[in-house]
Each structure stands twice: as C-alpha cells, then as structure tokens.
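>>> need a structure here:
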Amino acid sequence: MSKGGKRLLLGGGAVFLACAAFVGWMMAAAGQFRTIEAAGNVTCDVITGMIGAEDIVVDLAHGRAFVSSDDRRATLAGQPVRGRIYALDLTQTPPVPRDVTPPVPEAFHPHGISLFTDPETGAQTLFVVNHIEGGVPRAGISRAEMFSVAEDGSLGHRGGVIGAAMASPNDILAVGPNQFYASNDHGSETAAGLLLETLFMLPRANVVYYDGKEFRTVAEGISFANGLGLSPDGQFLHVAETTGFAVRTYRRDAASGALDLLWTTPVANGVDNIDMAPDGRLYVAGHPHLLDFLAHTADPASPSPSEVVRLTPGGDGLMVETLLTAPGTILSGASVAAYAGPGRFLVGAVYEEKVLDCRER
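Predicted coordinates:
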C-alpha cells in the first residue's frame with residue numbers, strides 16, 4: 001500500500017474511532033445504558049381527555065388541579081391546534097377534566113404553569129408560558145400570560161409579559177402577583193449554536209427574573225434549564241437540569257430575586273418539571289433515556305421510559321427516593337409529577353392523551 005493510502009486509511013480509522021467515541025459518550029450521557037424495569041409501590045388510575053399534559057399545578061386549598069395541555073405533535077406536523085387549560089376536581093372519582101381556557105389570547109400554546117395565591121387577599125393568578133407562534137419557544141414569540149382565577153376555577157386573562165430575556169422559556173415560577181422566574185432551556189441564538197448546544201449538552205441555559213418592570217438573568221451555566229420549584233418558606237429555589245441529570249438548589253434573596261448556587265443533586269434521569277409539597281419535598285418526573293424520548297417525539301409508537309422521584313431536603317443536599325419507574329407502557333415521556341395530597345400525585349406527559357392519578361400503597 002502506498003504512503004498516501006496508509007495515511008488515508010489511518011485518517012479514516014481515526015475519524016471512525018472519534019465518531020464511535022462520541023456516540024458512546026452521547027448514549028451514556030443520555031442514560032441509554034441504564035436498564036429500565038417497572039417499579040414503584042403505587043397504584044395509578046388513568047384520567048383521559050387531555051392531550052400533552054406537560055405541566056400540572058395543584059391547588060390543595062380548593063381541591064383542584066390545573067393542567068397545561070397542548071397537542072405538540074399537531075404543531076410538529078404544521079397543523080397547530082389551540083392549547084387548553086383544564087381544571088380537575090380532585091374530590092371527584094375519577095376527576096373529570098373541565099376546560100377553563102378563556103378566549104384570550106387567541107394564539108395559545110401553553111407550556112410551564114405556576115399558581116400564585118396572594119397571602120393577604122387570597123386572590124389567585126395562574127401564570128402560563130405561552131409559545132404564541134405555533135408552539136415554538138423563542139425570544140419575542142413566547143409570552144408569560146397571567147390569568148385571574150375565579151372561585152370556581154375559571155380563568156380570566158389579566159395580560160402578558162414578553163421580552164428578549166425569555167429567549168427559550170420552558171417553565172415559570174410565580175413569586176408575586178406580577179413577579180416571576182422563567183427558565184430558558186437553551187441559551188444559544190443561532191441555528192448552529194442551538195445544534196451544538198443540543199448535541200454536546202452544553203451548559204448555556206439560564207434562569208431569568210421579572211420584578212414586575214424588567215428582566216434580569218439570575219442563574220447561568222445550566223445544561224437545559226427546565227422545571228422550577230420554590231421552597232415553602234421562599235428561601236430556596238430549585239432548577240431541573242435536564243441534560244445534566246441533576247437538580248440545582250439556589251439560595252434566594254426575596255427582596256432582589258437574586259440566586260446563589262448552594263449545591264447540585266444528581267438524579268438518574270433527565271429531570272423535567274418540579275412540583276413542591278407543603279413539607280418542602282420535591283416531586284420530579286423525568287426521562288431515564290433522553291434519546292428514547294427524542295424517538296418518542298417523532299413516533300408515538302416508540303415508547304419512552306418515565307420516572308418519578310421525590311427529593312427530600314437534608315443537610316447539604318437533597319435525598320433522592322424513587323416513587324415510580326415505567327418502561328413506557330403505562331405512560332411515555334412523563335414530564336410532571338404534582339403532589340395532590342398525602343400519598344397522592346398526578347403524572348402528566350409531553351405527548352400522551354392521559355394523566356395518571358397515583359397513590360402510594
């Protein structure tokens with residue numbers, strides 16, 4: 001073989017090895033090598049009538065839950081359907097979804113949601129991330145909507161906030177009648193930057209704070225910032241780091257909204273939304289196999305494992321307890337587990353047409 005041929009062969013071999021190494025690294029980072037089996041000492045009933053229940057918040061005082069619902073596959077197919085907000089009466093068996101979506105805004109594709117109850121007046125506001133242009137989360141076309149909540153759970157549109165700081169908003173966390181945090185799951189602005197950020201799971205995402213007048217960035221260097229949760233005393237804010245397979249905990253300054261990173265807790269799945277129980281424990285749903293979730297996005301028949309964990313604050317970190325692990329048969333692509341009372345939680349998913357109503361045995 002000529003010297004040129006040898007160089008070509010060696011070069012091709014090096015490229016092949018580099019590609020194989022990258023694929024192996026990506027599969028490991030995405031959790032693909034973990035074996036997923038059905039587990040969990042819970043029983044779950046199925047609630048139908050809602051598609052793409054990506055996020056759920058529970059109003060324990062009124063015995064109800066609000067569900068963010070959007071047909072994302074219709075959007076991906078270029079035929080977006082207006083999203084909905086449903087209310088569930090948790091005192092019913094089974095709970096029956098009630099559509100409480102107001103007519104405004106007309107362009108409505110809800111993502112993360114958060115419920116704020118004024119501690120003095122009891123007035124409630126539901127905050128909703130709305131991807132107003134076909135469900136695409138990008139700056140200038142995603143808005144934080146605010147809805148007043150009537151005694152019966154019906155919603156009235158109060159207004160919305162839009163700004164360049166919400167570059168790729170995923171979740172929202174209300175901390176006042178007009179104040180909130182929002183997670184940007186990507187930080188890159190160009191198509192090439194977004195591709196690199198996604199492929200290499202780069203920590204370019206952030207969290208921004210809106211003080212009622214303007215935005216500012218309060219946390220950076222996050223790998224796909226997703227769900228947000230606030231401790232009952234308001235002192236700690238938790239951020240789900242999906243491609244980092246972790247939950248970050250920050251100390252929060254209530255007066256300024258500033259965040260200071262305290263610790264990062266590893267979790268064995270691509271954590272999605274965070275829901276807080278009154279005792280300060282976190283309920284988190286996630287994707288054990290991120291690449292399977294991508295495949296599930298493209299093909300409904302391709303199952304994606306789901307997992308629900310409960311994180312308990314203790315010492316300098318969070319203790320992780322697994323409540324439910326499912327290979328994808330009972331529910332694929334779970335994105336939220338919302339505390340619904342002692343021993344009970346609701347599980348929603350990004351694409352499925354059902355919600356699980358689960359109780360610990």
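
>>> I'd assumed Ala295 was in a strand, is it?
No - under DSSP: H, G, I helix; E, B strand; the rest coil, Ala295 sits outside any strand and is assigned helix.

>>> helix, strand, or coil at the nearest residue to it once chain neighbours are set aside?
Distances taken as Cβ to Cβ, 6 or more residues apart in numbering place Ser302 nearest to Ala295, at 4.4 Å, with adjacent residues excluded. (C-beta placed from N, C-alpha, C; glycine too.) Classification of Ser302 using three-state DSSP returns coil.

>>> ok, Ser302 - contacts?
Shown in contact with Ser302 (Cβ atoms under 8 Å, 6 or more residues apart in numbering): 292, 295-296.

>>> I'd like the distance between the residue positioned nearest the centre of the chain and Gly343.
Centroid check for the chain by Cα atoms, centre = their mean gives Asn273 as the closest residue, at 3.4 Å. Asn273 sits 20 Å away from Gly343, going by Cβ to Cβ, to the nearest Å.

>>> for Glu189, give its distance to Ile330.
Per Cβ to Cβ, Glu189 is found 39 Å from Ile330.

>>> of those two, who's got more company?
Ranked by neighbour count (other Cβ atoms under 10 Å), Glu189 and Ile330 place Ile330 first, with 19 against 14.

>>> right, and the helix or strand after the lowest-mean-pLDDT helix or strand in the chain?
Ranking every helix and strand in the chain by mean pLDDT, DSSP states H and E puts helix 3-29 at the bottom, with a mean of 74. Later in the chain than helix 3-29, the nearest helix or strand by DSSP states H and E is strand 42-48.

>>> any idea how far that following strand is from the chain center?
Chain-centre distance of strand 42-48: 21 Å, with Cα atoms, centre = their mean, to the nearest Å.

>>> which residues sit against it?
With Cβ under 8 Å, 6+ apart, strand 42-48 has contacts from 88, 94-95, 97, 323-324, 330, 346-347, 353-361.

>>> state the mean pLDDT of that strand.
Confidence over strand 42-48 (mean pLDDT, whole number) is 98.

>>> check which residues of it are buried.
42, 44, 47 (16 or more other Cβ atoms under 10 Å).

>>> which residue sits closest to the last one, ignoring its sequence neighbours?
So that's Ile47. Val355 (4.5 Å).

>>> I figured the one you found hits Val58, correct?
No - counting by Cβ atoms under 8 Å, Val355 does not reach Val58; the two are 11.8 Å apart.

>>> now do the shared contacts for the two.
Common neighbours of Val355 and Val58 (criterion: Cβ under 8 Å, 6+ apart): Leu346.

>>> convert the C-alpha atoms of the strand or helix carrying Val239 to PDB, please.
Element membership for Val239, per DSSP H and E: strand 236-241. Only the C-alpha atoms of strand 236-241 are listed here, as PDB (Å, rounded to 0.1, in the frame of the first residue of the first chain):
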ATOM      1  CA  PHE A 236     -34.600  28.200  48.200                       C
ATOM      2  CA  LEU A 237     -35.200  27.800  44.500                       C
ATOM      3  CA  HIS A 238     -34.700  24.500  42.700                       C
ATOM      4  CA  VAL A 239     -33.900  24.200  39.000                       C
ATOM      5  CA  ALA A 240     -34.200  21.000  37.000                       C
ATOM      6  CA  GLU A 241     -31.100  20.500  34.800                       C
END
